[in-house]
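> okay, sequence plus prediction incoming.
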Amino acid sequence: METDFQALGLDGIRILDLSRIWAGPLAGRILADLGAEVIRITSRATLPVSWVSPEVAEIMGIFPENDPGARPWDRTALMNDLGRNKMDLTLELDTPEGIHVFKRLVKVSDVVLENYSPRVMPNFGLDYPVLKAIHPGIIMCSMSGFGLSGPYRNYVSYGTHLDAASGLASLRGYPDRGPRMAGNPYPDPAAALHAVSAILAALFFKRRTGQGQHIDLSQCESATCLLGEAVLGFALTGRLPVRRGNRRPGRAPHGCYRCQGHDQWVVLSIRSEKEWAALKEAMAYPAWAEEERFSNRMKRLDNQDELDGLIEIWTMRHGHQEVMTRLQQAGVPAGAVQNGAELIHDPHLNDRGFFWEIDHPEVGPRRYCGLPIRFSGTPVKARSRAPGLGEHNEYVLGEILGLSENEIAELKEKGVIGDKPKGRP
């Protein structure tokens, strides 16, 4: 394990990451990328012990080449993507020994990150008053679905239904159809970014005052606060926003247009007469573009259906990358709709070094999205691959806490730690 944090901004900060799924682990990974020593604490009881068949693996689509391998828990896409630059300690917090070890770690750490429901940490006997008594300077970030107070506090939550509860889904879709969920549950990464900023602010406060604090972060509110004028508009006018599909008020043309080939699309947005003129030039001045019904923005807004159809006749003659390039060169805001394969090979992203290649003993060398932030004085990189389950048990317990080999062996014998899911031989 590399421990060269000296060149990074969060050198010397230790974070205990109890979080699961996406929101919390992403926040922990960003902090780890920035140099913090993040110890991922995993309960082996939460991992599946049954074998994953090749048929199920193909449906799930989370294993390299759809092969679960001998240690599927170390081969999932999310675990490897969100685990880089972290250590992994297995610990069962439903045991007295596990609680004792965790409390000892709190004494020598700066942050505890968790995204359980509000009942879990108190049930473990590890709520903030307890942790504060152990270490007055500890920062605890709790990322529950609806926050630690209020009538919804104990509701079960995942990003998919927080997408609906936050109001995001109500804005997506077409006027004559119902709301649409996003392809990815955006409340998760929104909450992760809010958690990172909150933790950094709390660390700065601690540096000035020596005091820790408890951060109550609602994942639902993290998404709702990003709706902008949709919430403000109702507060001001009493009217709900209308679902507009790919259109935007005041802009025409504005939409997503089919291009040549299967499932190829391009998005463009015209906001001024100058850009409308540039679009006409890029399309080689079709006769219909000079008709009176398209002569100004208001008339184009009144005739959007016809306008979109005519533009799409042109875009369908060309590939989506070609359309984007031609429009951008003419000064028209446009972007090709890229899928995963196109993103991995995108020349711009690769020129900027956006993807990091990381080798892992279970999944081999793979390319991962890097951190989209670049510092002139503290460059970030993949210092270590995602750890295997319990890979750093001996390091954390022995080197950080000073437990003897016999004490570590006893914890393993009692099932408090291990390197396989609980119940699996």
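Received, thanks.
> can you show me the strands along this protein?
Assigned by DSSP state E, the strands in the chain fall at 14-17, 37-42, 86-90, 111-114, 139-142, 214-216, 254-258, 265-269, 334-336, 355-358, 366-369.
> the third one pairs with which strands?
When pairing is defined by DSSP bridges, strand 86-90 lines up against strand 37-42 (parallel).
> pLDDT score assigned to residue 343?
Residue 343 is assigned 95 on the pLDDT scale.
> ok, it touching residue 349?
Yes. Assessed by CB atoms under 8 Å, residue 343 is found in contact with residue 349 at 6.6 Å. Placement of C-beta: from N, CA and C, glycine included.
> check contacts around residue 124.
By CB atoms under 8 Å, 6 or more residues apart in numbering, the contact set of residue 124 is 93, 94, 99.
> then residue 22?
The contact partners of residue 22, by CB under 8 Å, 6+ apart, come to 78, 82, 159, 185, 188, 189, 192.
> so which of the residues you listed is the most crowded?
Counting neighbours by other CB atoms under 10 Å, residue 192 leads the contacts of residue 22 with 27 neighbours.
> ok so, going back, just the contacts of residue 124 now: which is nearest residue 251?
Closest approach between the contacts of residue 124 and residue 251, by CB to CB: residue 93, at 52.5 Å.
> could you give the number of residues near the closest one?
So residue 93, with other CB under 10 Å, has 20 neighbours.
> which residue is the nearest non-sequential neighbour of it?
residue 124 (4.9 Å; CB to CB, 6 or more residues apart in numbering).
> quick check: pLDDT value at the closest residue to residue 72 other than its chain neighbours.
Nearest residue to residue 72, sequence neighbours excluded (CB to CB, 6+ apart): residue 52, at 5.0 Å. Predicted confidence (pLDDT) for residue 52: 76.
> now residue 52: how far from residue 59?
10 Å (CB to CB, to the nearest Å).
> ditto for residue 65
14 Å.
> for residue 255, same thing?
Counting by CB to CB, the gap from residue 255 to residue 59 is 34 Å.
> higher neighbour count, those two?
Between residue 255 and residue 59, counting by other CB under 10 Å, residue 255 is the more crowded of the two (22 against 10).
> now for the residue lying closest to that one once chain neighbours are set aside: which residues touch it?
Distances taken as CB to CB, 6+ apart place residue 246 nearest to residue 255, at 4.2 Å, with adjacent residues excluded. For residue 246, the contacting residues are 254, 255, 256, 267, by CB under 8 Å, 6+ apart.
> how about a markdown table for those residues, with distance to residue 420 and pLDDT added?
A markdown table is the format used below for the contacts of residue 246 (distance: CB to CB, whole Å; pLDDT from 0 to 100):
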| residue | distance to residue 420 | pLDDT |
| --- | --- | --- |
| 254 | 53 | 95 |
| 255 | 51 | 95 |
| 256 | 47 | 96 |
| 267 | 47 | 97 |
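> where does the prediction get shaky in this protein?
1-7, 49-50, 424-425 (pLDDT under 70).
> tell me the residue furthest from the middle of it?
What lies farthest from the middle of the chain is residue 292; by CA atoms, centre = their mean that is 46.9 Å.
> once you drop chain neighbours, what's closest to that one?
In this structure, residue 292 finds its nearest non-sequential neighbour in residue 299, 7.2 Å apart by CB to CB, 6+ apart.
> quick check: that neighbour vs residue 410, distance?
For residue 299, the distance to residue 410 equals 80 Å [CB to CB].
> what's stretch 220-233 in contact with?
Residues from elsewhere that reach stretch 220-233, judged by CB under 8 Å, 6+ apart: 145-147, 152, 157, 162-163, 165-168, 171, 186-187, 190-191, 194, 239, 241.
> show me which of those are buried.
145-147, 157, 162-163, 165-168, 186-187, 190-191, 194, 241 (16 or more other CB atoms under 10 Å).
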